[in-house]
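Enquirer: heads up, no residue letters with this:
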């Protein structure tokens, strides 16, 4: 190699030699062309970003100091209050992006409608009203009482086992918390005013939260026909309890009251609870002990979340532990009479139920001890009225029905003749609100096409009865008559005096066997004669005989099936 080339190579190797010390390394990096400019740019950018963030925080703090923001979750009642209030605001007439909904949030009120909707014209077509609501993920601005408000509604991610949660956010440009309080009270008052004649029904969802599912019209106590004294007992005791909070506290007694309503199916247990809720002005919280996934801790949490003044309802409490083999629908001591008159119990004549196969992870896992602790344990909620219903009173554990848990036991028997007569009067007495006597009805009381409507006038009793008998025994056309079961309600009910209805009620009740049919069965029969009281009184005897024959046939078939199953089991064994 030439000497000149050797000298250049040695110089290059010497220039590329890296420094062995850290300061020398930094000096080498800083000596790179353009790096200092990049470092200056990075430093200036950091300063500007820090300043921007601090200024944004300061600006947000200043702006937020002039706003009050409230959030409402759809699992809470206040969400329904605000959604109903928003649906009534006139600002939605000019909104450019809205959600159209038929949800009434538990209310059946014509105030929650699209402007211009004629509810009276649409009544025969649909009872659901259209409403404007805030769209999801959109922000709206409205003015209310000279205050600027921003409204937004968001929806969270749906859980694996539940539903997506909706959140309503309202920001009000004001520093006065009193405005927010007045807004909440206004929405609550409007909602409760619309619900004045209704009771609210709550059930628990899969996430163990109480949700408002419906509002039902209050049922008048006069429409419930029970044995004398039962209604007065339940009403007076409940009112006395609700007004005795101080008395309970002074004596150290838990402020709770339990009622056990037992008896035959269809005897009015659930109906009286519905009527009591309206009479006392309380909401009903339905506790379903057979809900999938419900266990002792979830039940205790549900009961602890009850409001202080409410009705907690547990229906068919005898069937809550069927999965454990403790309490079942079948009554082990029930008597079955064979055709020869010999009595057997179901335990003797009916084979045991087959074992349940497969996983039961989604079934209810309520235990008796868990239910007892939830009702009156140390964490039990005070102030509520607990109503439990059962068709199998003897099947209940004594620990469940003892005083302190179920303080009052009321038996609901099958209908007596007095009850049958009172129900007949409830259906047909003049002066009561009857849908079929309304000129603007749903069509049931309209005359048949082609026949003129005869006016309803007060006639002498003899002429009136003759007119009724002549109009209710019209033979059907000889041909083209459709075949159907049941009776039509298209004819108008005759106008009967109170004395005539009382006489028909006596005749009707005289053909009803004492304590043999339920009130629900009698109501179903009278519904078939909704506008024909005279036929209802005259044909009830034949109906009762047919019901007896059907019941005897069912008993005979049931006994034969049980006897065959017992024989097969004995042969196999």
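Expert: Nice, thanks for sending it over. Keep in mind that what you see is a predicted model, and the values were worked out from it rather than measured.
Enquirer: Where does the prediction get shaky in the stretch 201-350 of the chain?
Expert: Applying pLDDT under 70 to the stretch 201-350 of the chain flags residues 321-350.
Enquirer: ok, 80 please
Expert: In the predicted model of the stretch 201-350 of the chain, residues 319-350 satisfy pLDDT under 80.
Enquirer: Per the annotation, how does this structure divide into domains?
Expert: Here the domain parsing of the chain from automatic domain parsing is 69-195, 210-412, 417-448+457-471+488-556.
Enquirer: quick one: the first one to chain centroid distance?
Expert: This means domain 69-195. Domain 69-195 has its C-alpha centroid displaced from the chain centroid by 21 Å (Cα atoms, centre = their mean, to the nearest Å).
Enquirer: Run through the neighbouring helices and strands of the top helix by length along the chain.
Expert: Criterion DSSP state H: the longest helix present in the chain is helix 533-572. Applying 3 or more Cβ pairs under 8 Å, 6 or more residues apart in numbering; DSSP states H and E, we find helix 533-572 packed against strand 335-337, helix 346-349, helix 417-428, helix 461-472, helix 498-510, helix 519-528. Placement of C-beta: from N, CA and C, glycine included.
Enquirer: The same query, at a cut-off of 6 Å, please.
Expert: helix 498-510 (3 or more Cβ pairs under 6 Å, 6 or more residues apart in numbering; DSSP states H and E).
Enquirer: any idea of the mean pLDDT in the helix it packs on?
Expert: On average, the pLDDT along helix 498-510 is 95.
Enquirer: Tell me the buried residues in it?
Expert: Buried residues in helix 498-510, counted by 16 or more other Cβ atoms under 10 Å: 500, 501, 502, 504, 505, 507, 508, 509.
Enquirer: Just flag the most distant two among these.
Expert: Distance extremes for those: the farthest pair is 500 and 509 at 15.1 Å, using Cβ to Cβ.
Enquirer: count of neighbours near the residue lying closest to residue 237 once chain neighbours are set aside?
Expert: In space, and not counting its chain neighbours, residue 237 is closest to residue 408: 6.3 Å by Cβ to Cβ, 6 or more residues apart in numbering. Neighbour count of residue 408, defined by other Cβ atoms under 10 Å: 15.
Enquirer: Surely residue 408 touches residue 258?
Expert: No. Applying Cβ atoms under 6 Å, one finds residue 408 not in contact with residue 258, separated by 7.6 Å.
Enquirer: Near residue 288, how many other residues are there?
Expert: Residue 288 is flanked by 16 other residues according to other Cβ under 10 Å.
Enquirer: isn't there a strand covering it?
Expert: No. Under DSSP: H, G, I helix; E, B strand; the rest coil, residue 288 falls outside any strand and is assigned coil.
Enquirer: That one and residue 207: what is the separation?
Expert: Per Cβ to Cβ, to the nearest Å, residue 288 is found 15 Å from residue 207.
Enquirer: I'd like the mean pLDDT over stretch 80-93, please.
Expert: For stretch 80-93, the mean per-residue pLDDT is 82.
Enquirer: If we go by neighbour counts, what in it is buried?
Expert: Neighbour-count burial for stretch 80-93 [16+ other Cβ under 10 Å]: 80, 81, 82, 83, 84, 85, 86, 87, 88, 89, 92.
Enquirer: what do you get for stretch 298-316?
Expert: Within stretch 298-316, judged by 16+ other Cβ under 10 Å, the buried ones are 298-300, 302-303, 306, 310-316.
Enquirer: Can you give me the end-to-end span of that stretch?
Expert: Taking Cα to Cα, to the nearest Å, stretch 298-316 runs 19 Å from one end to the other.
Enquirer: And the contacts of that stretch?
Expert: 204, 208, 277, 282-287, 374, 379, 381, 383-389 (Cβ atoms under 6 Å, 6 or more residues apart in numbering).
Enquirer: what about the strands in the stretch 251-400 of the chain?
Expert: Taking DSSP state E, counting those that start in this stretch as the criterion, the stretch 251-400 of the chain contains strands spanning 257-263, 284-286, 311-314, 335-337, 343-345, 385-390.
Enquirer: tell me the most buried of the ones you listed?
Expert: Stretch with highest mean neighbour count among the strands of the stretch 251-400 of the chain: strand 385-390 (a mean of 25; mean count of other Cβ atoms under 10 Å).
Enquirer: same for it, what does it pack against?
Expert: strand 257-263, strand 311-314.
Enquirer: tell me the mean pLDDT for that strand?
Expert: Across strand 385-390, the average pLDDT comes to 96.
Enquirer: Sheet partners, orientation included, of that strand?
Expert: strand 257-263 (parallel), strand 311-314 (parallel) (DSSP bridges).
Enquirer: and that strand, how far out from the chain's middle?
Expert: Between the centre of strand 385-390 and the centre of its chain there are 17 Å (Cα atoms, centre = their mean).
Enquirer: Can you tell me what sits against that strand?
Expert: Residues outside strand 385-390 that contact it (Cβ under 6 Å, 6+ apart) are 257-262, 269, 273, 311-315, 317-318.
Enquirer: Closest to residue 230 out of those?
Expert: Using Cβ to Cβ, the contacts of strand 385-390 come closest to residue 230 at residue 261, 9.5 Å.
Enquirer: what residues are up against the closest one?
Expert: So residue 261 contacts 269, 389, 410 (Cβ under 6 Å, 6+ apart).
Enquirer: now do 7 Å
Expert: For residue 261, the contacting residues are 269, 387, 389, 410, 412, by Cβ atoms under 7 Å, 6 or more residues apart in numbering.
Enquirer: could those residues go into TSV alongside distance to residue 140?
Expert: Output for the contacts of residue 261, formatted as TSV (distance: Cβ to Cβ, whole Å):
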residue	distance to residue 140
269	48
387	43
389	47
410	53
412	53
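Enquirer: which sections of the stretch 401-550 of the chain are below the confidence cut-off?
Expert: Residue ranges of the stretch 401-550 of the chain with pLDDT under 80: 431-494.
Enquirer: Helices along the stretch 201-350 of the chain, start to end?
Expert: Under the criterion DSSP state H, counting those that start in this stretch, the stretch 201-350 of the chain contains helices at 230-242, 245-250, 269-280, 296-304, 346-349.
Enquirer: any idea which of these is most buried?
Expert: helix 269-280 (a mean of 21).
Enquirer: circling back to that earlier point, now, among the buried residues of stretch 298-316, which is nearest to residue 185?
Expert: Nearest to residue 185 among the buried residues of stretch 298-316 is residue 310, at 21.1 Å by Cβ to Cβ.
Enquirer: Tell me how far that closest one lies from residue 547.
Expert: From residue 310 to residue 547 the distance is 39 Å (Cβ to Cβ).
Enquirer: Repeat that for residue 154.
Expert: Taking Cβ to Cβ as the measure, residue 154 and residue 547 are separated by 57 Å.
Enquirer: got it, and residue 101?
Expert: Between residue 101 and residue 547 the distance, using Cβ to Cβ, works out to 46 Å.
Enquirer: Stretch 390-403: end-to-end distance?
Expert: End-to-end distance for stretch 390-403: 17 Å, by Cα to Cα.
Enquirer: residues in contact with the residue nearest to residue 156 when sequence neighbours are not counted?
Expert: Spatially, and ignoring its direct neighbours in sequence, residue 156 is nearest to residue 165 (4.5 Å; Cβ to Cβ, 6+ apart). Shown in contact with residue 165 (Cβ under 7 Å, 6+ apart): 73, 74, 75, 156.
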